[in-house]
Each structure stands twice: as structure tokens, then as C-alpha cells.
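[1] I'll drop the sequence and a predicted model, then ask my questions.
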Amino acid sequence: MISYLITDPKFYTKKPDFIAAKLYEVSKKHKIDYACLRDKEAKECEEAAKAFVAACNDLKIKPILHTFWRQAAALGACGVHFAANDFKNIALAKAQNLFVTASAHSLKEASKAALLGADFITVSPVFYTPDKNEPLGLEKLKEITAKIPNRCIALGGILEGSQIQMCKEAGAVGYASIRYFLK
């Protein structure tokens, strides 16, 4: 299973040195294939992204920036992650040779992201997550992965290894989480 760590300023702060140090700490406990620097309120990301990308590269983790596709290539990130309201930028990011992940909360959104060329699609929330919509559940994840095989990463409320296994059995090629990696 592909493992995809997502940062949150609540746990990683906005301080470049702390973000990098936290990533090193977390990587000692968990295998991480991809990591996404995510700060939904940030107006710019350059300083935090430089530290994040350097730490990821040192740890052999593929760095992804949330939303900032123009900066991703310039700062050496391998890719960018788009929310559903930013799907219009998928083609622009792909033209920059960026790896693209995209958020989907329904089969319709997942299908659109796939059609536009997203390499991976995070399907969420699979399980209960504070401050998020009602969980989709494993059956909906299974339905989406059946229509879009080999591209769906389960996201949302994943806290235990048993949940990762359930997502794998539902057809997900990977899992993404904030809180799982903090354990």
C-alpha cells in the first residue's frame, strides 16, 4: 500500500524548521512514500516548502505541495495536490511534468479528476473525521475503486492499521492521513 502523509499546521506549525524536524521524527516511526505540505490558509508557501522539500528529498519521500502548482516545480517538489474546486489546474500542473493528486468526495468528483489526468485520487472521508462531512464508508470506497482502479487512495479518519487493511480490501492502492502518522 502506498502511504501518503498529509501535514496540518495544527500539528506541524507554519515554521519551516519545525515542519522539517517533525517530518524527520515521523519518518522514524512510519514508512512514507509521499508527503503533502498542506496549509489551506497560506497565501504563499516558499519558505515552508523549501524546508519541507529538502527534508523529503533527504528522507527519500516524494514531496507534494497542496495547491501551489506554480511553486512546486520551481522548488523541486515532485507534485501537487488539488482540492475539487481546483481541478481546472490539473492540466496546467501536468504540463509542468508534475505528479498530480486530487481530492474527491464522490464518484462524480473522482471520475472528473481521473478524466483530467490526476495520477492519484484521494477519496474521503472514508471514516469519521472531525469537522468533515459524513463518512463515505468502505462500500462507497469499493464502488469508486471499482470504477477507477489503481488510482484511489483512501483518506479520512484512518488511525489504525486495521483500517488500512480494510481500505486495501476495498480496492484502494494506498492510504493518506494526518493523524495516523502522528502516532
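    Yep, that arrived. Residues are numbered from 1 along each chain as shown.

[2] Tell me where the model's unsure across this structure.
    43-44 (pLDDT under 70).

[3] How is Ala154 assigned, secondary-structure-wise?
    State at Ala154, reduced to three classes by DSSP: H, G, I helix; E, B strand; the rest coil: strand.

[4] dump the residue contacts of it.
    Ala154 makes contact with 122-124, 126, 141, 164, 167, 170, 172, 174-176 under the criterion CB atoms under 8 Å, 6 or more residues apart in numbering. All C-beta atoms are positioned from the backbone trio N, CA, C, and that covers glycine.

[5] Beta-bridge partners for it, please?
    Val123, Tyr175 (DSSP bridges).

[6] now it: how far from Thr101?
    To Thr101, Ala154 is 13 Å away according to CB to CB, to the nearest Å.

[7] Next, show the common contact partners of the two.
    Thr122.

[8] Can you show me the helices along the protein?
    In the chain, the helices defined using DSSP state H lie at 9-12, 16-27, 46-59, 69-75, 90-95, 107-116, 137-147, 161-169.

[9] then the fourth one to CSV, C-alphas only?
    So the one you mean is helix 69-75. What follows is helix 69-75, C-alpha atoms only, in CSV (Å, rounded to 0.1, in the frame of the first residue of the first chain):
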residue,chain,number,x,y,z
TRP,A,69,1.5,24.1,-8.5
ARG,A,70,3.5,27.0,-9.9
GLN,A,71,5.9,26.8,-7.0
ALA,A,72,6.0,23.0,-6.8
ALA,A,73,8.2,22.6,-9.9
ALA,A,74,10.4,25.6,-9.1
LEU,A,75,11.1,24.3,-5.5
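
[10] what about Lys10, how many neighbours?
    Here the count is done by other CB atoms under 10 Å, and Lys10 has 8 residues near it.

[11] same question, the one 10 residues further on
    Ala20 is flanked by 21 other residues according to other CB under 10 Å.

[12] mind checking how far the residue nearest to it when sequence neighbours are not counted is from Phe82?
    Residue nearest to Ala20 in three dimensions, not counting chain neighbours: Ala55, with 4.0 Å by CB to CB, 6 or more residues apart in numbering. Per CB to CB, Ala55 is found 23 Å from Phe82.

[13] Of the helices of the chain, which is nearest Tyr34?
    Distance to Tyr34, taken as CB to CB, is lowest for helix 46-59 among the helices of the chain, at 8.8 Å.

[14] how many degrees apart are the closest one and helix 16-27 in direction?
    What separates the directions of helix 46-59 and helix 16-27 is an angle of 30 degrees, with axes from the mean of the first three to the mean of the last three CA atoms, to 10 degrees.

[15] So that it lines up with my notes, have the first residue be 55 from now on.
    Done: numbering now begins at 55, and the last item shifts to helix 100-113.
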